[in-house]
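Trainee: Sharing a sequence plus its predicted fold:
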Amino acid sequence: MDKKRILEEGLLELYLTGELSEDLTAIVEKALGEDKELKAHFDVLEADFERMGIEQAITPPNLVKTQLKNALEQPGIRKINWLPLSIAATVALLFGLSSFWLYGKWQDAESSLSTLQSQTSQLRRQVDKLESEFRLTSNHFKSINNPDVIPLVLYGNQKASNGKAVAYVNHKSQQVLVNPKGLPALPKDKTYQMWSDVDGEMINMGTLPTDSELVTLKYIEDAESLNITIEPAGGNDHPTVEELVSYVIL
Amino acid sequence: MKTTFEDHEVIASLLSGDDKALLTLYDKYAGALYGVILRMCRDEAKAQDLLQETFIKIWKNIGGYDASKGRFYTWAYRVARNTTLNSMRSKKKLIQTEDLSVYDTKEVNEEEPDYAALKGSIKTLEPHHQEAIALVYYRGYTHKQAHKAMGVPLGTFKSYVRQALKQLRETYNHKLVYILFILQLMA
């Protein structure tokens, strides 16, 4: 439809009041978009129309504005503003996803924590064990590394060739420690046993298990020599003199 | 008054959810729209309700307003006009189902209220131009209904409206020139 026809048929006036059919509205809007002169004509028409509207204005009572304000505050008629809603939905979705992720992480952390706890208690036990071993070793070391201690080496005879044991005797503190590691290993039903010779009588000091590095034995006063014999497992009340392996005079 | 830069800003605020922006538009356009609604329905209490309804519709449907297609006032006028016409149609239907004669008699015998009269520059127009403007813009008649009401052909009626608007423009321009002249004298 050309501009002349739109103007002659007064379609702009009908368009202004919204009286045109959808088809004619689309045609007029298209023409207005394409024809600057027609648009300028419509702009003038609109300006006149609005000026007339202002001139014919009637001030409404203030009550209407108050009621409108109240209506705006009613939640029921609020228009749906999708922007904040969509932001809220996005935030909720992110919150949900992050919660799910955090739950997974929490489960992992729980599992790691329980592993760590078990490792920690294992380490604790190892530390305790090491500590007690260290204390023992330290005590042994103190017992040995002392000016009052006399170290004595007991060399094995033909029954224990190349064997040797070291005894640390402290007369002051009345302690005897022996390292039997150097003695040859014995069958399971046999053991080494140490004796003190006091006026020709052999007094039991205790057995010497060869798997120990340092064995504490009974201190016997006035001992003249230390003797090692091979005895049945568990030790003997009296030494089997034939099985004497080594001795040292004090 | 046209859709100014301020109007665009206010409408943008309204679109972004600022309800106070609607009250700004109300302050600017309520009088003009109330003038249309009241002259159409001729019932002050009803017109006040319809004015409120019009602004609620503006608020809800502001997303449908396209500034490139025309001024905000034109769009708001159409909302007000349609809201009022719909209300009058439903009222008429309701009354017709009950007692048609009461409504008809009442309308015929009703005196023209003071507020219904047009004022200002329009009164300087010739009577048939005044009537054409009143029917189309302030009584809610379509052009087809109005030409029948006036008893003139549609083409003639359309030219009445066009001539009336042209004469009004000239009146406004004369007023503007007069105001500018006064302002210059004062300066």
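Mentor: Thanks, I have the structure now.
Trainee: Quick one: the helices in chain B, in order.
Mentor: Here chain B has its helices, by DSSP state H, at B:5-15, B:20-41, B:44-61, B:72-109, B:127-133, B:143-150, B:154-186.
Trainee: Quick one: these as a markdown table, columns for mean neighbour count, mean pLDDT and distance to chain A too.
Mentor: C-beta: built from backbone N, CA, C; applies to glycine. As requested, those are exported to a markdown table (neighbours: other CB atoms under 10 Å in any protein chain shown; pLDDT from 0 to 100; distance: least, CB to the nearest CB, whole Å):
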| stretch | mean neighbour count | mean pLDDT | distance to chain A |
| --- | --- | --- | --- |
| helix B:5-15 | 15 | 84 | 9 |
| helix B:20-41 | 21 | 93 | 3 |
| helix B:44-61 | 19 | 93 | 5 |
| helix B:72-109 | 15 | 69 | 4 |
| helix B:127-133 | 19 | 91 | 8 |
| helix B:143-150 | 17 | 91 | 6 |
| helix B:154-186 | 14 | 82 | 4 |
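Trainee: got a markdown table for those, with distance to A:Ser132 too?
Mentor: Shown next, in a markdown table, are the helices of chain B (distance: least, CB to CB, whole Å):
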| stretch | distance to A:Ser132 |
| --- | --- |
| helix B:5-15 | 79 |
| helix B:20-41 | 80 |
| helix B:44-61 | 83 |
| helix B:72-109 | 91 |
| helix B:127-133 | 112 |
| helix B:143-150 | 111 |
| helix B:154-186 | 109 |
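Trainee: which SS class is A:Glu221?
Mentor: Secondary structure, DSSP: H, G, I helix; E, B strand; the rest coil: A:Glu221 is coil.
Trainee: likewise A:Thr191?
Mentor: Here A:Thr191 is recorded as strand under three-state DSSP.
Trainee: ok now do it, which residues does it touch?
Mentor: Counting by CB atoms under 8 Å, 6 or more residues apart in numbering or on different chains, A:Thr191 makes contact with A:Thr207, A:Leu208, A:Pro209, A:Ile230, A:Glu231, A:Pro232, A:Ala233, A:Gly234, A:Gly235.
Trainee: The residues you listed in strands, which ones?
Mentor: Judged by DSSP state E, the contacts of A:Thr191 include A:Thr207, A:Leu208, A:Ile230, A:Glu231, A:Pro232 as members of strands.
Trainee: Mark which of those are buried, thanks.
Mentor: Neighbour counting with 16 or more other CB atoms under 10 Å in any protein chain shown marks A:Thr207, A:Leu208, A:Ile230, A:Glu231 as buried within the ones in strands among the contacts of A:Thr191.
Trainee: Who does the second one form a beta bridge with?
Mentor: According to DSSP bridges, A:Tyr192 are recorded as the beta-bridge partners of A:Leu208.
Trainee: Out of the helices of chain B, the one nearest A:Leu14 is which?
Mentor: With CB to CB as the measure, helix B:143-150 is the member of the helices of chain B nearest A:Leu14 (6.0 Å).
Trainee: now that closest one against helix B:154-186, angle please.
Mentor: For helix B:143-150 against helix B:154-186, the angle by axes from the mean of the first three to the mean of the last three CA atoms, to 10 degrees is 90 degrees.
Trainee: list the helices and strands helix B:143-150 packs on?
Mentor: Under the contact definition 3 or more CB pairs under 8 Å, 6 or more residues apart in numbering or on different chains; DSSP states H and E, helix B:143-150 sits against helix B:127-133, helix B:154-186.
Trainee: Can you give the contact residues for it?
Mentor: Applying CB under 8 Å, 6+ apart, the set of residues contacting helix B:143-150 is A:10, A:13-14, A:19, B:128, B:131-132, B:135-136, B:139, B:141, B:153-154, B:156-158, B:160-161.
Trainee: how is chain B carved up into domains?
Mentor: As given by automatic domain parsing, the domain ranges for chain B are B:1-84, B:118-187.
Trainee: now the ones you listed as JSON lines including distance to A:Leu130?
Mentor: Compiled in JSON lines, these are given as follows (distance: least, CB to CB, whole Å):
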{"stretch": "domain B:1-84", "distance to A:Leu130": "70"}
{"stretch": "domain B:118-187", "distance to A:Leu130": "101"}
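Trainee: Ok, which of the ones you listed comes nearest A:Leu152?
Mentor: Nearest of the domains of chain B (CB to CB): domain B:1-84, 100.3 Å.
Trainee: Now do the same for the longest helix along chain A: mean pLDDT, whole number.
Mentor: Among the segments of chain A that qualify as a helix by DSSP H, the longest is helix A:82-144. Average pLDDT, helix A:82-144: 89.
Trainee: Tell me which strands the next helix or strand after that helix pairs with, and in which orientation.
Mentor: Using DSSP states H and E, the helix or strand that follows helix A:82-144 in sequence is strand A:149-155. Applying DSSP bridges, strand A:149-155 is found paired with strand A:164-170 (antiparallel).
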